[in-house]
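Undergrad: Pasting a predicted model and its sequence here:
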Amino acid sequence: MPEIDKLPIEETLEDSPQTRSLLGVFEEDTAAISSYFSQLFKAMQRIYDAQNELSAATHLTSKLLKDYEKQRFPLGGEDEVMSSTLQQFAKVIDELSSCHAVLSTQLADAMMFPITQFQERDLREIVILKEVFQIASDDHDTAVNRYSRLSKRKENEKVKNEVMEDVYTSRKKQHETIMHYFASLNMLQYKKKIALLEPLLGYMQAQISFFKLGSENLTQQWEEFLTNIGTSVQNVRREMGSDAEATEQTIQDLKAASDPLYMPDPDPNKIPVNRNLTRKAGYLNTRYKTGLVSSTWEHQYFFTQGGNLMSQLRGDVAGGLVMDIDNCSVMAVDCDDRRFCFQITAFDGKKAVILQAESRKDCEEWIATINNISKRIYLSENPEEIAARVNQSALEAVTPSPSFQQRNESFRPSTQGRPKTGRSGSQCSAGSESPALSSLSLDLLVAPDTPIQFDIISPVSEEHTSPAKSGAQGRRTNPFGESGGSKSEESEDSILHQLFIVRFLGSMEVKATESADVIYETMRQILAARAIHNIFRMTESHLLVTCECLKLIDPQTQVTRLRFLLSTVVLCASHQENKRLFGFVLKTAGGREDGRPVTVCYVFESNNDGEKICDSVGLAKQIALHSEMDRNTTQKQRELDKAKEKQQEELHKQKQIEKDLEEQSRLIAASSRPGQPAADGQILVLSNSQSEDSDAGEEGQKKGESEA
C-alpha cells in the first residue's frame with residue numbers, strides 16, 4: 001500500500017494558518033469520502049433490498065468501482081494499486097450480474113454491516129470532533145482576546161489570575177481536541193480503504209458460498225486474488241493499529257511537553273528569552289486607526305521572510321506584506337494601556353506598525369529578531385552584495401512579481417516608482433511637450449508624490465483602510481465601486497460591442513481633467529519611469545467597449561480584471577506622435593476616506609490606432625447619452641399617462657358621488673310626503689323605521705298640545 005498522508009500532530013499547539021490550511025484539505029477529503037461512500041452505500045443497499053433487480057444493482061456497483069480512478073480525492077493521489085484492484089473487482093462483479101437470488105442475512109452481515117458501521121460510526125465521529133474543535137477554538141480565541149485587554153496600569157491580581165487560568169484551560173482544551181481530531185482524520189485514511197475493501201470482499205465471499213455455480217464462475221485465479229485482498233486488508237488493519245498506538249503515545253508526550261506552554265505569560269526563569277533568532281513567527285495583535293483618537297486591534301499571524309514582515313489570516317493560502325524591515329528601527333512602546341507592545345518604524349520614517357505580543361518573552365524575542373535581521377542585511381562585508389540587494393528592492397518596489405501579487409493582491413508599489421516632475425528632459429519621454437503643456441505647471445496636472453502602478457491593481461492604499469472597511473486582507477478592491485467578479489449588469493443586446501487588444505503600461509493619480517495635456521504628461525512620466533527602472537513587462541488584456549461600460553478581460557481565463565461605467569470616463573485621448581498610445585482619465589466619487597473624488601489616468605498600448613479606440617469610447621458615450629434621454633422621455637410620458645388616468649378616476653368618482661347625492665335627495669323628498677301618489681301614479685310605502693319615526697313624532701306633538 002502507498003504511504004498514507006497524515007496531519008502533523010506536533011504542530012497542533014502552534015495552530016498556524018498553514019496547519020489550518022492543511023486541515024481544510026483533509027476536511028475536503030473527508031467530504032469527498034462521505035459523498036463517494038454515500039453513493040456506494042446506496043448501490044449496495046439496492047442489492048440488498050431489491051433481490052429481483054440484483055443484476056442491475058450489481059452492474060451499478062461495478063460502474064462505481066470503475067469510476068474510482070476518476071474520483072479526485074485531495075489526499076488520495078494516484079493510487080494505481082487501489083485502482084487496479086477495484087478494476088478487477090468490477091470485472092468479477094460484472095460476471096456475476098446475472099445471479100439474482102442472494103441470501104439477505106449473508107449480504108447484511110458481510111456487505112452492509114461494514115459500510116454502515118463506517119458511515120454511522122467513523123464518519124459521524126469526524127463530524128462530532130469537528131464541532132467540538134470549532135467550539136474549543138472559539139473559546140480559546142475569546143479567552144486570548146480577554147487576556148490581551150488586561151490593563152497594565154490598573155492591574156487586578158484576582159482578575160489577572162482568573163483570565164490567565166481561563167486562557168490555560170481553553171488552550172489546553174483546544175490542544176487536546178485538535179490532537180484527537182487530527183488523529184481521527186489520519187485514521188480515516190486507513191479506514192476508508194478498509195471500509196471500501198471489506199464490503200466488497202464480504203460480497204464476493206457471500207456470492208461464492210451461496211451460489212452453486214460459484215465453483216464454475218470463480219476460477220482458482222480469482223480465489224487467489226480474493227485471498228490476497230483479504231491479506232491486504234489485514235495488513236492495513238495491523239498498520240492502522242500500530243499507527244494508532246504511536247499516535248496516542250505522541251499525543252501523551254506532546255501533552256506532557258506542552259503543559260508549560262499553555263500559560264500565555266510563562267516564567268522567564270523557566271523559559272529564557274532567545275535573543276539570537278533570525279526568523280520568528282507567531283500570533284500578534286496589530287493596531288488599526290479608526291479615527292483621530294480611536295483604534296481597533298486585530299489578532300493575526302505574523303512571520304519574517306527575508307527582509308520583510310508578513311501577516312496572514314486564518315484560512316488564507318499565503319501571507320501578505322506588512323512592511324520592509326531592512327534597516328528599520330524597533331522599540332517597546334506604551335499604547336492604548338496594553339502590555340507587551342512594540343513599534344516597528346521603516347528606515348525612511350514614513351510608515352510605522354504597532355504590535356502587541358502575548359508575553360514579555362515573546363515581545364523581547366520579536367524585537368531582538370527584527371534587530372538581528374536588519375543588522376544581518378546591512379552589515380554585510382561584500383559591497384557588491386549590498387548594491388545588488390538595493391537595486392533588487394528598488395525594482396520590486398515598482399514591479400511586484402506575479403507570484404507575490406497573486407498571493408497578496410493588496411500590495412502597492414512604493415513612491416520610488418514615480419519619477420520626479422523635474423525630470424522633464426528624459427530621453428525616454430513619450431514625445432515632445434505640447435505648447436499648452438509647457439505653459440502649465442506640472443503640479444496642476446499630476447498629483448505630487450503619486451506612485452505609479454505598473455500592474456492592474458486597485459489604486460486604493462490599504463494604509464487608510466481599516467479591517468472593518470476592507471474585510472479580509474489580500475482581497476482585491478475595485479477602484480470604481482463595482483465588484484470584478486459580479487454578474488454583468490449591461491444588457492446582452494447592447495448596440496455597441498467592440499473588442500481591442502491592449503497592453504497596460506501604468507496608471508497614476510492626476511489632478512486636471514479639462515484637457516488632454518494631463519494624458520500626455522502621464523504617458524511621459526510612465527514611460528520615463530519604465531525606462532529608468534528597466535521595466536519591460538506589460539499585462540496584455542482585451543478591452544471591451546459597450547454602451548454602458550468598459551471592460552479589461554484576461555485573454556486566457558476570460559476573467560474581468562477591471563470594469564468601470566462610461567459615466568466615470570471624463571477624458572480619452574491618444575498620443576500626438578505615437579498613435580498606438582492612448583489613455584483614459586477616470587473620476588470616482590468617495591474614493592478616499594475624506595470622500596473627495598479620485599481622478600486616475602490609465603495608459604495603454606494598442607495593436608490598433610489609439611484614435612479608433614477613443615472614437616469608439618466617444619461613440620459609446622453618445623449612444624449611452626441618447627439612450628438615457630430616450631429613457632427619461634419615456635419615463636416622463638409614463639408619468640403623464642399615469643397622471644391622466646388618475647385624473648380620470650377622480651372625475652369618475654366625483655360624478656358617482658354627485659349621482660348618489662341626487663338619488664339620496666330624491667328619496668328624502670319622497671319620504672317627506674307619506675301616502676301621496678308618486679309621480680308614476682303609485683303610492684310610496686314607508687319602511688318600518690320611517691313609520692315608527694312618524695308615529696313617535698305625532699305622539700310628541702299631541703303631548704305638547706295637552707301640556708299647553
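TA: Arrived safely, thanks for sending.
Undergrad: so how far is Ile526 from Val510?
TA: Using Cβ to Cβ, to the nearest Å, Val510 is found at 11 Å from Ile526. Placement of C-beta: from N, CA and C, glycine included.
Undergrad: more neighbours, the two?
TA: Ile526 (27 against 24; other Cβ atoms under 10 Å).
Undergrad: list the contacts for the closest residue to Thr247 other than its chain neighbours?
TA: The shortest distance from Thr247 to any non-neighbouring residue, by Cβ to Cβ, 6 or more residues apart in numbering, is to Ala183 (4.9 Å). By Cβ atoms under 8 Å, 6 or more residues apart in numbering, Ala183 lies in contact with 9, 244, 247-248, 251.
Undergrad: tell me the pLDDT at Asp29?
TA: pLDDT, Asp29: 86.
Undergrad: List the buried residues of the helix or strand hosting Ser84.
TA: Per DSSP states H and E, Ser84 falls inside helix 80-95. The neighbour-count check on helix 80-95 (16 or more other Cβ atoms under 10 Å) flags 82-83, 85-86, 88-90, 92-94 as buried.
Undergrad: of those residues, closest to Leu188?
TA: Met82 (15.3 Å; Cβ to Cβ).
Undergrad: separation between that closest one and Phe89?
TA: When distance is defined by Cβ to Cβ, Met82 is 10 Å away from Phe89.
Undergrad: With Gln343 instead?
TA: 65 Å.
Undergrad: send the alpha carbons of the biggest strand by length in the chain over as PDB?
TA: Counting residues, the longest strand found in the chain (DSSP state E) is strand 497-509. The C-alpha coordinates for strand 497-509 follow below in PDB (Å, rounded to 0.1, in the frame of the first residue of the first chain):
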ATOM      1  CA  HIS A 497     -19.700  45.700 -28.800                       C
ATOM      2  CA  GLN A 498     -16.100  46.400 -29.900                       C
ATOM      3  CA  LEU A 499     -13.000  44.400 -28.700                       C
ATOM      4  CA  PHE A 500      -9.400  45.700 -28.800                       C
ATOM      5  CA  ILE A 501      -6.100  44.100 -27.800                       C
ATOM      6  CA  VAL A 502      -4.300  46.400 -25.400                       C
ATOM      7  CA  ARG A 503      -1.300  46.200 -23.100                       C
ATOM      8  CA  PHE A 504      -1.300  48.000 -19.800                       C
ATOM      9  CA  LEU A 505       1.600  50.500 -19.300                       C
ATOM     10  CA  GLY A 506       0.700  52.000 -16.000                       C
ATOM     11  CA  SER A 507      -1.600  54.400 -14.100                       C
ATOM     12  CA  MET A 508      -1.200  57.300 -11.600                       C
ATOM     13  CA  GLU A 509      -3.400  59.800  -9.900                       C
END
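Undergrad: by contact count, what packs against the following helix or strand past it?
TA: Under the assignment DSSP H and E, the closest C-terminal helix or strand after strand 497-509 is helix 517-532. Applying 3 or more Cβ pairs under 8 Å, 6 or more residues apart in numbering; DSSP states H and E, one finds that helix 517-532 makes contact with helix 435-438, strand 497-509, strand 569-574, strand 581-588, strand 598-606.
Undergrad: in the fourth one, what's buried?
TA: This means strand 581-588. 581-588.
Undergrad: Arrange those residues in CSV, one row each, with distance to Val330 as further columns.
TA: Below are these laid out as CSV (distance: Cβ to Cβ, whole Å):
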residue, distance to Val330
Leu581, 45
Phe582, 47
Gly583, 42
Phe584, 43
Val585, 42
Leu586, 40
Lys587, 41
Thr588, 38
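Undergrad: Pick the one among those closest to Lys191.
TA: Taking the buried residues of strand 581-588 together and measuring to Lys191 by Cβ to Cβ, the closest member is Thr588, at 55.7 Å.
Undergrad: how long is stretch 311-330 from one end to the other?
TA: 17 Å (Cα to Cα, to the nearest Å).
Undergrad: Just the buried residues of it, please?
TA: Buried residues in stretch 311-330, defined by neighbour count with 16+ other Cβ under 10 Å: 311-314, 316, 319-326, 328, 330.
Undergrad: Farthest pair within the residues you listed?
TA: Taking Cβ to Cβ, the two most distant members of the buried residues of stretch 311-330 are Arg314 and Asp326; they sit 28.0 Å apart.
Undergrad: thinking again about what came up before, from the buried residues of strand 581-588, pick the one nearest Lys351.
TA: Using Cβ to Cβ, Thr588 comes nearest to Lys351 of these, at 25.3 Å.
Undergrad: what's the distance between the closest one and Arg563?
TA: Thr588 is 13 Å from Arg563, where distance means Cβ to Cβ.
Undergrad: who touches Glu358 in this structure?
TA: Glu358 neighbours (Cβ under 8 Å, 6+ apart): 144, 147-148, 264-265, 282-284, 340.
Undergrad: ranking the residues you listed by neighbours, who comes first?
TA: Leu284 (24 neighbours).
Undergrad: Would you confirm that it belongs to a strand?
TA: Yes. Leu284 sits within a strand when classified using DSSP: H, G, I helix; E, B strand; the rest coil.
Undergrad: how about Leu321, phi and psi?
TA: Main-chain torsions, Leu321, degrees, to the nearest 10: phi -70, psi 130.
Undergrad: Just grab the bridge partners of it for me.
TA: Per DSSP bridges, the residues bridged to Leu321 are Met310.
Undergrad: Pretty sure it sits against Gly307.
TA: No. If you go by Cβ atoms under 8 Å, Leu321 and Gly307 don't touch, sitting 10.9 Å apart.
Undergrad: quick check, nearest of the buried residues of stretch 311-330 to Glu649?
TA: Leu313 (60.3 Å).
Undergrad: Quickly note the distance from the closest one to Glu224.
TA: Distance, Leu313 to Glu224, by Cβ to Cβ: 55 Å.
Undergrad: Check Arg287 too.
TA: Counting by Cβ to Cβ, the gap from Arg287 to Glu224 is 70 Å.
Undergrad: higher neighbour count, those two?
TA: The residue with more neighbours, out of Arg287 and Glu224, is Arg287; 18 against 10, by other Cβ under 10 Å.
Undergrad: Would you mind giving the secondary structure of the more buried one?
TA: Relying on three-state DSSP, one would call Arg287 strand.
Undergrad: Looking at strand pairing, list the partners for it.
TA: Judged by DSSP bridges, the bridge partners of Arg287 are Trp297.
Undergrad: thinking again about what came up before, and the angle for the longest strand of the chain with strand 581-588?
TA: 70 degrees (axes from the mean of the first three to the mean of the last three Cα atoms, to 10 degrees).
Undergrad: Tell me which other helices or strands strand 497-509 touches.
TA: Against strand 497-509 (3+ Cβ pairs under 8 Å, 6+ apart) you get helix 517-532, strand 539-546, strand 598-606, helix 610-671.
Undergrad: what do you get if the cut-off is 7 Å, keeping everything else the same?
TA: helix 517-532, strand 539-546, strand 598-606 (3 or more Cβ pairs under 7 Å, 6 or more residues apart in numbering; DSSP states H and E).
Undergrad: winner for burial among these?
TA: helix 517-532 (a mean of 24; mean count of other Cβ atoms under 10 Å).
Undergrad: Quick check: Gln205 vs Tyr48, distance?
TA: 15 Å.
Undergrad: ok so, going back, kindly indicate which of the buried residues of helix 80-95 lies nearest Asp554.
TA: Using Cβ to Cβ, the buried residues of helix 80-95 come closest to Asp554 at Ser83, 35.9 Å.
Undergrad: Nearest residue to the closest one in space, please, no chain neighbours.
TA: Using Cβ to Cβ, 6+ apart, the nearest residue to Ser83 is Glu69, at 4.2 Å.
Undergrad: same question, Glu198
TA: Nearest one to Glu198, counting by Cβ to Cβ, 6+ apart, is Pro114 at 4.2 Å.
Undergrad: what's the helix or strand for that neighbour?
TA: helix 113-117.
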